[in-house]
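Colleague: sequence first, predicted coordinates after that:
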Amino acid sequence: MLNSLNLSDKTYDELLAEAVAQIPLYSAEWTNFNVSDPGITLLQNLTAFQLLQQEAINDVPEETRRKLLKLVGYTARENRAATVLVQAPERGGPILPEGHQLWSGAIPFETTGTVALNPWGLAAVYAGGSGGERDVTRLLDPATETVAYPFGREPEPGNSLICVLSGVPEMGEPLRLWFQVAEEELRTPFTDETEIPAFSRVRWQYWTEGGWQDAEAQDETMGFLRSGCVTLRLEGELPAEWTEAPVQGCALRCLLETADYDRTPRLQALAVHLFPMEQRETRVRCCVCPGDEKAELRGRLPLIGNLLVFCREEADGPYFLYRQAPAAGVQGRFYRVEEDFEGVTLWFDPAFGHVPCEAADAVRAVCYDEEMIHHRLLGPVYGYDKQVIQLDLVADVLPESLLVAVETKNRDGEAEYRFVAPGEKGPGDFAYHLRSREAQLVIDEPGGGGCQLLLAGCAVTQGSRGNLRHCTTLEQRGGYDGTEVEARYFCPAPGRGGVSYESAEELRLRFSAGMRQVSVAVRTEDYEVLVRQTPGLCIHKVKAVAIGGKNLVKIAVKPYTEEELPKLTPEYLRQLREFLEPRRMLTTRFELCQPRYVPVGVTATLSIRGMASHAREEAERLLRSLLDHVNGPQDFGGWVRFNELYQALSALPFVEAVDALNLYPESRDAVLIGSDIRLEDDSLCCPGTIRLTIREQGR
């Protein structure tokens, strides 16, 4: 079933014909095969029943397929909103309320909180080392194609990257910087934060009157090993002006404390003063406030004015619906409302006779957009199994955003409300789950039935479509019809984290692909795949060889570092052992081998046409390229073929003839067989001594 095996794709007529054809095999007396024969009639009925059975078995419900796949550890992905970092204008801007929308085409993004666009940015960037500070401010230009070394070409402890700000950021507020790292595709992606290679340790600081002071930092780059966001909080002494460079101002510093990099980090771009936005469109929002004389509702939806206010008058008690007071001096469950440019404020006056209790969640104000206010009533819960309730006007709902208010009646006939999220228990053990793509509620436990459901929270997303490419632009739209572009905001980083709902068939395909992935090393090829999957390392070449009779696998590994003939460092060896050890067969041992480099020498005599002044250089460059298995596409082991070098030299446009050619290994790690060289399984060829004799025709 998991592989979508169709039990039979034959039609009714084909099945019946097969059954009739088999009658003589079982009975020689049955000779009447006409439709009037009672036996044929029974056979027709049985064939029809067989066809119905096969269709029922083939048509396995999606929910059943999901449960079967869950038994083997595969759970379908739900909708998840993407997050994108947006750069504030250096000149500053207005305060963006929570839920403020920016657009990328038809894809909306919302602020996750109130954003104050204070006027500051980045004035200059310096890479500091033993030779002084080098200006690398070109990193601020997103169109630049050059790279900069944040800690110099040879990183040493004490080197630093210094960012000079054009203003003063708010103390205690998150300060976000995005670093785009060059050549990060050479490094295996990090899969577990506990498996980070210890290539460096950095400290983030800011300049004060008393010198450099440490800042609280969350560094996704791990010392510029990969692109990511660095989030700082300045707490303690106030920032002061740093005056030790041509450009002066408040300064941030990334100080390198230890350095054992496999590859020197390079940066392509840098952006600061960023704030996050989520790819979502909130249609209904539930604002939770503590019980007090007032409740402040900030954001876009409260300003629309479509409010339903629920208050709890006893701790852990039910909620009651409050209404806006029609006039002064009335008695009942009422509130007063005031508006400002940031949102609305609800006032609860004891003179009305009812006020919220002092609980942290005593007030729930549900805000609707202009359409959803008319579709807030979801209908009754009748009490039968698996009742489905359809949400109107929405699809691809974010599961964490959904909330319903369950309305029941108390003994006095008053309506009471309790708020229930998917998977939670409500009154009478009421429970439900969400089909997020179809926007359907499936009632798992009706709780006795008879209750009414009210939509109290709902946001939709476009999932993986929100994972925008870096260097895109978001638009703020307005005008009388909502289409006029009022401002544009730059996004230096790609969108991340967006996931689209996964159907049962998509989940099955992921399961099938997962079954083909290597998780345990059985064959030598499995060891090679696992070495390339080791998190955080730059692996260029790998070759595993089984040693017969010893239950031993020898693995030669060449790292992708900047050394001419790189070796495995102790950190690489540790990471590889820790990753391979739990994945090997218990009866099999493995041994990590350093790559051996075999220089191959060449002597050749070439006859050339005319006056080729650069013939020697061109021929030597070609030979070095062909013999460079270290950086070339060739794997460990293999051969250095005489014929390949001969043909390549002969194909040079200025070569008339190759009069002589001789190859020889310059170490004992290779064997000369005839005119060819056979390399050992852990060896790579590199250019050795090349001696060329050039003969010009006519001389």
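Modeller: Received, thanks.

Colleague: quick check on the closest residue to V485 other than its chain neighbours: phi, psi?
Modeller: Excluding the flanking residues, the one nearest V485 by CB to CB, 6 or more residues apart in numbering is E475, at 5.0 Å. C-beta: built from backbone N, CA, C; applies to glycine. Note on E475: backbone dihedrals following degrees, to the nearest 10 are phi -110, psi 140.

Colleague: quick one: E475 from P276, how far?
Modeller: 18 Å (CB to CB, to the nearest Å).

Colleague: one step back: residue contacts, the residue nearest to V485?
Modeller: L102, W103, S104, V485, A487, R488, Y489 (CB atoms under 8 Å, 6 or more residues apart in numbering).

Colleague: check these and tell me the two furthest apart.
Modeller: Distances among the contacts of E475 were taken as CB to CB; the most separated pair is S104 and A487, at 13.7 Å.

Colleague: more neighbours: those two, which one.
Modeller: When S104 and A487 are compared on other CB atoms under 10 Å, the one with more neighbours turns out to be S104, at 18 against 13.

Colleague: distance of that one relative to Y489?
Modeller: S104 is 10 Å from Y489, by CB to CB.

Colleague: which neighbours do these two share?
Modeller: T473, L474, E475.

Colleague: and the last one, bridged to which residues?
Modeller: Note on E475: beta-bridge partners W103, R488, judged by DSSP bridges.

Colleague: which residues touch the closest residue to C685 other than its chain neighbours?
Modeller: Setting aside the residues directly before and after it, C685 is nearest to H629 in space (CB to CB, 6+ apart), at 4.1 Å. Neighbouring residues of H629 by CB under 8 Å, 6+ apart: G638, L679, L684, C685, C686.

Colleague: widest-spaced pair of these?
Modeller: Distances among those were taken as CB to CB; the most separated pair is G638 and C686, at 13.4 Å.

Colleague: more crowded one of these two?
Modeller: Taking neighbours as other CB under 10 Å, G638 and C686 compare with C686 leading, 19 against 16.

Colleague: how much space between the more buried one and P265?
Modeller: C686 is 27 Å from P265, where distance means CB to CB.

Colleague: what backbone torsions are found at L573?
Modeller: Residue torsions, per degrees, to the nearest 10, at L573 are phi -60, psi -40.

Colleague: got the CA coordinates for the top helix by length along the chain in CSV?
Modeller: Identified as the longest helix of the chain according to DSSP state H is helix 38-58. Presented in CSV, the C-alpha positions along helix 38-58 are these (Å, rounded to 0.1, in the frame of the first residue of the first chain):
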residue,chain,number,x,y,z
PRO,A,38,-27.5,-20.0,-13.4
GLY,A,39,-23.9,-20.8,-12.9
ILE,A,40,-22.8,-17.9,-15.1
THR,A,41,-25.1,-15.6,-13.2
LEU,A,42,-23.4,-16.6,-9.9
LEU,A,43,-20.0,-16.1,-11.6
GLN,A,44,-21.1,-12.6,-12.7
ASN,A,45,-22.1,-11.7,-9.2
LEU,A,46,-18.9,-13.1,-7.7
THR,A,47,-16.8,-11.2,-10.3
ALA,A,48,-18.6,-7.9,-9.5
PHE,A,49,-18.0,-8.5,-5.8
GLN,A,50,-14.3,-9.2,-6.4
LEU,A,51,-14.0,-5.9,-8.3
LEU,A,52,-15.7,-4.0,-5.5
GLN,A,53,-13.4,-5.6,-3.0
GLN,A,54,-10.2,-4.7,-4.9
GLU,A,55,-11.4,-1.1,-5.4
ALA,A,56,-12.1,-0.8,-1.6
ILE,A,57,-8.6,-2.2,-0.8
ASN,A,58,-6.9,0.1,-3.3
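
Colleague: mean confidence score for it?
Modeller: Regarding helix 38-58, the rounded mean pLDDT is 83.

Colleague: and for stretch 384-398?
Modeller: On average, stretch 384-398 scores 93.

Colleague: from R233, how far off is the residue nearest the centre of the chain?
Modeller: Geometric centre of the chain, nearest residue: G497, 4.7 Å, by CA atoms, centre = their mean. To R233, G497 is 22 Å away according to CB to CB.

Colleague: cool, R138 as well?
Modeller: With distances taken as CB to CB, R138 is found 28 Å from R233.

Colleague: could you check which of the two has the larger neighbour count?
Modeller: Neighbour count, other CB under 10 Å: between R138 and R233, R233 has more, with 17 against 14.

Colleague: ok, and the closest non-adjacent residue to that one?
Modeller: In this structure, R233 finds its nearest non-sequential neighbour in E216, 4.4 Å apart by CB to CB, 6+ apart.

Colleague: cool, H354 as well?
Modeller: R333 is the one closest to H354 (CB to CB, 6+ apart), at 4.7 Å.

Colleague: quick one, what contacts the one you found?
Modeller: With contact set as CB under 8 Å, 6+ apart, R333 has these partners: C311, F320, L321, Y322, R323, F352, H354.

Colleague: ok, the residues you listed vs L52, which is closest?
Modeller: Distance to L52, by CB to CB, is smallest for L321 among the contacts of R333, at 51.5 Å.

Colleague: beyond the helix or strand that contains the closest one, next helix or strand please.
Modeller: With secondary structure defined by DSSP states H and E, L321 is part of strand 319-324. As assigned by DSSP H and E, the chain's next helix or strand after strand 319-324 is strand 334-340.
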